[in-house]
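1. One predicted model, sequence on top.
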Amino acid sequence: DDQRPLLPGWANEIMEDTDAAKYVDGWAVHWYVDFLGAPGVLDRVNEMYPDKFILFSEACTGSYPWELQKVLLGSWERGQEYINDIITNLNHWSTGWTDWNLVLDMNGGPNWANN
């Protein structure tokens, strides 16, 4: 359960450990550095481990320190970020996508950052 660009490294490390590998059904991936590109790493991991699923398990907008407005209800721009990421990852072997902050109040809380 880590960032997309790091998936090949930790997938290999886990699968090289035969004791750990027998408990792995798939990979959970976060979206927080997807803006760096590299969706092709999902293709590589799928080629290496075609019997393992890839699930995007964590995403939210407004989480970066440079995003001063944390909650933007009705933001089409943020909606576009989500849909671009969802479609990109589904086109590269992701079997699903989950929003981290699906159940928050209208102010974006409660959350660990208190923002």
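-> Looks like it came in fine.
2. CA atoms for contacts and neighbours, from now on please.
-> Fine.
3. Need the contact partners of the longest helix along the chain.
-> Longest helix in the chain, counting residues (DSSP state H): helix 76-90. Here helix 76-90 makes contact (Cα atoms under 8 Å, 6 or more residues apart in numbering) with 31, 34, 39, 42, 61, 96-97.
4. quick one: which of those residues is nearest to Thr18?
-> Thr18 lies nearest to Leu42 out of those, by Cα to Cα, at 22.0 Å.
5. Quick check: closest non-adjacent residue to the closest one.
-> His92 (5.7 Å; Cα to Cα, 6 or more residues apart in numbering).
6. Could you pull up the residues touching the spatially most central residue of the chain?
-> The residue lying closest to the centre of the chain (Cα atoms, centre = their mean) is His30, at 2.5 Å. By Cα under 8 Å, 6+ apart, the contact set of His30 is 1-4, 56-59.
7. tell me the helices in this structure, going along the chain?
-> In the chain, the helices defined using DSSP H lie at 7-16, 18-21, 40-48, 76-90.
8. And these, which one averages the lowest pLDDT?
-> Of all the helices of the chain, helix 76-90 carries the lowest average pLDDT, namely a mean of 90.
9. Ser57 is in contact with Trp97, isn't it?
-> Yes - shown here, Ser57 and Trp97 form a contact pair, counting by Cα atoms under 8 Å, at 6.1 Å.
10. Tell me which of these two has more neighbours.
-> Taking other Cα atoms under 10 Å, Ser57 and Trp97 do not tie; Trp97 has more neighbours (22 against 17).
11. could you dump stretch 88-98 to CSV, C-alpha only?
-> In CSV, the C-alpha atoms belonging to stretch 88-98 read as follows (Å, rounded to 0.1, in the frame of the first residue of the first chain):
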residue,chain,number,x,y,z
THR,A,88,-5.8,6.3,-16.6
ASN,A,89,-5.5,3.7,-13.9
LEU,A,90,-8.3,1.5,-15.1
ASN,A,91,-6.6,1.6,-18.5
HIS,A,92,-3.5,0.2,-16.9
TRP,A,93,-4.8,-2.9,-15.0
SER,A,94,-6.3,-1.3,-11.9
THR,A,95,-9.4,-3.2,-11.0
GLY,A,96,-10.9,-0.5,-8.9
TRP,A,97,-10.5,3.0,-7.3
THR,A,98,-11.5,4.2,-3.8
